[in-house]
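Enquirer: need a 3D model of the sequence below.
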Amino acid sequence: MPKFNVQSRVMDANESAFFEAQLKFVMAEALKVQYPENTALRLFPKSFEGGAGAAEIAYRLWDVVGMPKLIANNAKDIPRIDIKGEEFVARVKSWAAAYGFTLQEVRYAIQAGLSLQSEKATATREVCDRFINNLAWRGDSVANIQGLLYHPNVTKGNAVTGDWGNVATTAALIVADITTAINNMITLTGGVERPTFLGLPPEAHTAAATKRLLDDGSGRTALEFIQKNQPQLTIEMVPELAALPTVPSTGAAGPVDVMVLANLRPDKFVLSIPVPFEQLAPQEVGLEQIINCHGRTAGIIMKRPLSVSVVQNL
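Expert: Reported below is the predicted structural model:
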């Protein structure tokens, strides 16, 4: 929170002192609030590297080369294991929003013996968090900010069956869709990448949680079967995965529902936020004190290609 002294041409000394004390409380309230419904901000590993002055974030995509082999006792041709990497640069972009208090609002609060409403600040924080959450999932092609679902280094494809809400799609077919996607990631990466997170859109999650297996005698739902047989997976309903405006793999018009398999470790990918939500010192504009809110992000930085898979047409 910035240190400031309110300088006003329209408020007297008492009004300025009241506003300054109240604003510091209001700003602090905005910083306290957390919104767990913003799943990307809650789940994704985050990086705050770069600092306020960073214009770009440089990163490398790493790969391991070389394999061990069986050798003779006097062998001299011991294989070398090494890493190779290609450097990429992600541009950091600023975002901003603002809230404010009029002279009359300050005078009314003083006269009524009330505090300034912190709801303006907390509402602004909520909208800003929702904005970053959306960027983290979907990106912004105009600003060249990469989101997870459309990132070029994320595997994308269609479910084998899909359409889980259809009465003809059984629990066994849902299980097959999920296990196929998991096995595809493992096979494609030679076992290097194994998902620890499964995100499902609401309708698909409901179908998986209610449709029951009939052929194994257990009566378990598709979701219960996956949870038992894939204990490493954290499974969540993710509303942001529903009704995407375009198909991630082709760019064709949506809407389309997708599921996401990912390894949520910071050595796999991060949401880059060099400057988190900040509130700047108030600026007097006419009869209003404006508080500008600001932050900077480079979107999703993918360190390990193929550690995330997007499965379409659920």
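
Enquirer: quick check, central residue of this structure?
Expert: The centroid of the chain falls nearest to A40 when counting by Cα atoms, centre = their mean (2.5 Å).

Enquirer: so that residue is in contact with L271, correct?
Expert: Yes - checked against Cβ atoms under 8 Å, the pair A40 and L271 is within contact range at 6.5 Å. In short, each C-beta sits where N, CA and C put it, glycine included.

Enquirer: overlap of the contact sets of those two?
Expert: A136 (Cβ atoms under 8 Å, 6 or more residues apart in numbering).

Enquirer: got the end-to-end distance for stretch 72-80?
Expert: 16 Å (Cα to Cα, to the nearest Å).

Enquirer: helices of the chain, start to end?
Expert: Here the chain has its helices, by DSSP state H, at 13-32, 39-43, 103-112, 119-138, 171-188, 202-210, 222-229.

Enquirer: mean pLDDT lowest where, among those helices?
Expert: For these, mean pLDDT drops lowest on helix 13-32, to a mean of 82.

Enquirer: and that helix with helix 119-138, angle?
Expert: Angle of helix 13-32 versus helix 119-138, following axes from the mean of the first three to the mean of the last three Cα atoms, to 10 degrees, is 30 degrees.

Enquirer: just checking, what packs against helix 13-32?
Expert: helix 103-112, helix 119-138, strand 275-279, strand 288-297 (3 or more Cβ pairs under 8 Å, 6 or more residues apart in numbering; DSSP states H and E).

Enquirer: that one: which residues count as buried?
Expert: E15, S16, F18, F19, E20, Q22, L23, V26, M27, A30 (16 or more other Cβ atoms under 10 Å).

Enquirer: ok, stretch 169-186 next?
Expert: Buried residues in stretch 169-186, counted by 16+ other Cβ under 10 Å: 169-175, 177-178, 181-182, 184-185.

Enquirer: now swap in stretch 287-305 and tell me
Expert: Residues of stretch 287-305 classed as buried: 288-289, 291, 293-305 (neighbour count, 16+ other Cβ under 10 Å).

Enquirer: closest one of these to K76?
Expert: Compare each of the buried residues of stretch 287-305 with K76 using Cβ to Cβ and the shortest gap goes to R304, at 33.4 Å.

Enquirer: can I assume the closest one is in contact with D267?
Expert: Yes - R304 is in contact with D267 according to Cβ under 8 Å; the separation is 6.9 Å.
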